[in-house]
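J.: kindly generate the corresponding structure for this input.
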Amino acid sequence: MEKVLLSGNEAIARGAYEAGVLVCSAYPGTPSTEILEAMPQYKDEVYCEWAPNEKVATEVAYGASIAGVRSLCAMKHVGVNVAADPIFTAAYNGVTGGFIIVSADDPSMHSSQNEQDNRHYARAAKMAMVEPGNSQECLDFVREAYEISEKFDTPVLFRITTRVAHSKSLVTLGERTVQEVKPYEKNARKNISIPANAVQNHAKVENNMAALAEYGNTCKLNKLEMAGNKIGVITASIAYEYAKDAFPEDTSFLKLGLTNPLPMDLIKDFASKVEKLYVIEELDGFMEDQIKAAGIECEGKEKIGYLYELNPQLIKERLFGEVPEKIDLGVEPVSRPPALCPGCPHRGFFYTMSKKKNMVLTGDIGCYTLGCAPPLNALDSCVCMGGGFSIGMGIAKALEVTGQEKKVFGVVGDSTFFHSGITGAVEIFYNNGNMIPIVLDNSITGMTGHQDNPGTGYNLQGDVAEIVKIEDVLKSCGFENVIIVDPQDLDAMKKAVEDAENSDKRSAIIARRPCVLIKRIKHDFGTCEVDKDKCVGCKMCIGVGCPAIMMKDGKSEILAAQCTGCTVCAQVCPVDAISRK
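T.: Predicted coordinates:
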């Protein structure tokens, strides 16, 4: 059999292909994005798409399951919050074709606004959960998860973490198993979740969970490794790899792959064979709390803690007091905070807004969240996808009822507008919000690595797609005055904001310029240079926050290797010391 080096995400895609999956849908979100990015190589046999948001992705995949084919949806952990509505009901109704929901959690918040532990979703929704710990398990466990889904009539939450998603290891590939197509049959009792059906489905779910718990006691995803009777460790996923490095060689392990419901008979039997039992898991005490509730003595969270990623050294230090020796190399690492890229179209917008007084600018999830960073310091809030509009609406109403005269502007990106910004725009118009919605349209889903969206003209499979025009959507929501502006033209950007504020019509702004990193666009790149004789060292150019600009010997200097020639710095220079080559 062929062996290849795959990341966990790539292995999940391969596992779905080998399992005979026919429909995949997702919204990009780190660390899950590469799962769907790896699917187009199989597009002759598997349909795959970027959905506008995670709820839609879940509904598309679940609809395919209802129609009798195996399906998959994927998202990062906070995306499951968006998709929770259909997920909970799907768990009640059950499946026809196997149905997997991939949740990519992000301990230590490498690229997220929180580190919620999505294992709780499986328990709350009453569905099976599978957790792989390396790339080979990602492939193998996906195949097994579809068998579990169909055998127990349940969606499967396939929970990974950033470390599992992005780490690479050798994987043995298998062949695709073509599943027998089940002709679609109408089944109102199963698929229409009205109260009368839901009452019966709840009882079915409880029975399924009891059967799953019994199955877990002998399930091949749960692996017993007896090496001694002094110390035993119950663990799962990547925490198993850390624990194997941290504990003595004579430690016995119960590695769980099916983690909801927990196989309590297997756990009790394992606990009876060891003198000291530890539960090692990242984030919450999901397993430990249940194990203790079953009357089994164990230790874990009181020493390991509830925060951030684990690693072997942390486990050694917190459990066994083994503090590593530190060597002072006499070198201080240089701090390099995140910043908008040189030439980023968002820079001109945030620079313009940073000069406005008596205003509030509510932000959102995307590259443009960096508008909060010095020296721009432009954003006032960032909560969740779409919140740039609706959080702004709440602030605007609060200011209105308390008599505070501040103008509120709400910002979302183009992909976020399609994800959950449209409903916020409707909210602003419908409830007469004293605020101006702004879409920063850089023609791509930038933060997660340049995935297409309904406004880019292409789909995930690389085919040309109809463009959904943001301005048409805003106008249909009721905004008569939709101003489209190039944000790198600072005079035009300033005028657009003023025109929107002063208009007697309901106004919205689209700040439109493509991301400089889009490869399929031919950009008009150049470089800017500083006339040292003219430069007075006022540092106005530093205020635009471009990584290509620095001060040297009291004068500004532009690093040609980084500059794209966007001229935002030249436009703010009061002595015309900067020009574009």
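J.: measure stretch 438-446 end to end?
T.: Stretch 438-446 has its terminal residues 17 Å apart, counting by Cα to Cα, to the nearest Å.
J.: just the mean pLDDT for it, thanks.
T.: Computed over stretch 438-446, the mean pLDDT rounds to 94.
J.: contacts for it, please.
T.: Among residues not part of stretch 438-446, those counted as contacts by Cβ atoms under 8 Å, 6 or more residues apart in numbering are 28, 50, 345-346, 349, 366-368, 409-415, 417, 421, 450-453, 455-456, 470, 474, 487, 508-515, 517-518, 521. To be clear about C-beta, it is placed using only N, CA and C from the backbone, and glycine gets the same treatment.
J.: may I see the PyMOL selection of the buried members of those?
T.: Selecting only the buried entries of those in PyMOL, with 16 or more other Cβ atoms under 10 Å as the criterion:
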select buried, resi 28+50+345+346+349+366+367+368+409+410+411+412+413+414+415+417+421+450+451+452+453+455+456+470+474+487+508+509+510+511+512+513+515+517
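J.: list the contacts of G98.
T.: Counting by Cβ under 8 Å, 6+ apart, G98 makes contact with 19, 65, 70-71, 145-147, 149-150, 156.
J.: may I ask which of those residues has the most neighbours?
T.: For those, neighbours were counted by other Cβ atoms under 10 Å; the highest total belongs to S71, with 32 neighbours.
J.: what bridges to that one?
T.: Per DSSP bridges, residues listed as beta-bridge partners of S71: V23, F99.
J.: what's the distance between it and V60?
T.: Computed with Cβ to Cβ, to the nearest Å, the distance linking S71 and V60 is 8 Å.
J.: next one: V401
T.: Remark: distance between V401 and V60 (Cβ to Cβ) = 41 Å.
J.: same deal with K357?
T.: As it turns out, when the distance is counted by Cβ to Cβ, K357 lies 46 Å from V60.
J.: which one's more surrounded, those two?
T.: A side-by-side neighbour count of K357 and V60, using other Cβ under 10 Å, places V60 first with 19 against 6.
J.: for that one, which three-state class applies?
T.: When classified by DSSP: H, G, I helix; E, B strand; the rest coil, V60 comes out as helix.
J.: pull the number of nearby residues for E325.
T.: Applying the criterion other Cβ under 10 Å, we find 4 residues in the vicinity of E325.
J.: now it: phi and psi?
T.: Dihedral angles phi and psi of E325 (degrees, to the nearest 10) take the values phi -70, psi 130.
J.: thought Y47 was touching Y17?
T.: No: contact criterion Cβ atoms under 8 Å: Y47 and Y17 do not qualify, at 12.0 Å.
J.: of these two, which one has the most company?
T.: Per other Cβ under 10 Å, whichever of Y47 and Y17 has more neighbours is Y17, with 23 against 18.
J.: now name the helix or strand holding the spatially most central residue of the chain.
T.: Computing the C-alpha centroid of the chain and ranking residues by Cα atoms, centre = their mean puts G29 first, at 3.0 Å. With elements taken from DSSP states H and E, nothing contains G29; it lies in neither a helix nor a strand.
J.: next: the one 5 residues further on.
T.: E34 is part of helix 33-37 when elements are defined by DSSP H and E.
J.: how near is the nearest residue to E175 once chain neighbours are set aside to L5?
T.: Of all residues beyond its chain neighbours, the one nearest E175 is E18 (6.8 Å), with distances taken as Cβ to Cβ, 6 or more residues apart in numbering. In this structure, E18 lies at 17 Å from L5, with Cβ to Cβ as the measure.
J.: between those two, which is the more surrounded one?
T.: Neighbours per residue (other Cβ under 10 Å) separate E18 from L5, with E18 holding more: 19 against 10.
J.: contacts only, for the more buried one.
T.: 139, 142-143, 173-177.
J.: I'd like to know which of those residues are buried.
T.: For the contacts of E18, a neighbour count by 16+ other Cβ under 10 Å gives the buried set as 139, 142-143, 174.
J.: identify the bridge partners of Y278.
T.: Beta-bridge pairing of Y278 under DSSP bridges involves V233, E299.
J.: how confident was the prediction at it?
T.: With respect to pLDDT, Y278 has a value of 96.
J.: swap in the one 5 residues further on?
T.: As predicted, L283 sits at a pLDDT of 91.
J.: and if you look at A396?
T.: At A396, the model reports a pLDDT of 95.
J.: K532 and K555 touch, don't they?
T.: Yes: in this structure, K532 sits in contact with K555. The criterion is Cβ under 8 Å, and the distance is 5.3 Å.
J.: any idea how far K43 is from D380?
T.: From D380 across to K43, the span is 43 Å (Cβ to Cβ).
J.: what about the helices in the stretch 301-450 of the chain?
T.: 301-304, 312-320, 346-354, 387-401, 414-416, 422-430 (DSSP state H, counting those that start in this stretch).
J.: would you turn the ones you listed into JSON lines with distance to K255?
T.: Conversion of the helices of the stretch 301-450 of the chain to JSON lines gives the following (distance: least, Cβ to Cβ, whole Å):
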{"stretch": "helix 301-304", "distance to K255": "17"}
{"stretch": "helix 312-320", "distance to K255": "15"}
{"stretch": "helix 346-354", "distance to K255": "45"}
{"stretch": "helix 387-401", "distance to K255": "39"}
{"stretch": "helix 414-416", "distance to K255": "38"}
{"stretch": "helix 422-430", "distance to K255": "43"}
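J.: tell me which of those helices sits most buried.
T.: Mean neighbours per residue, mean count of other Cβ atoms under 10 Å, is largest over these for helix 414-416, with a mean of 28.
J.: related to what we said a few turns ago, of the contacts of E18, which belong to helices?
T.: When helices are assigned by DSSP state H, the members of the contacts of E18 inside them are 139, 142-143.
J.: go through the residues you listed and say which is closest to D328.
T.: When those are compared for distance to D328 (Cβ to Cβ), L139 wins out at 43.6 Å.
J.: right, and that closest one touches Y17 too?
T.: No: taking Cβ under 8 Å as the contact criterion, L139 and Y17 are not neighbours in contact, 9.5 Å apart.
J.: let me see the contact set for N459.
T.: So, once contact is read as Cβ under 8 Å, 6+ apart, N459 ends up touching 49-50, 452, 465.
J.: could you redo the last one with a cut-off of 10 Å?
T.: Contacts were defined as Cβ atoms under 10 Å, 6 or more residues apart in numbering; by that measure N459 touches 40, 48-50, 452-453, 465-466.
J.: right, I'll leave it there.
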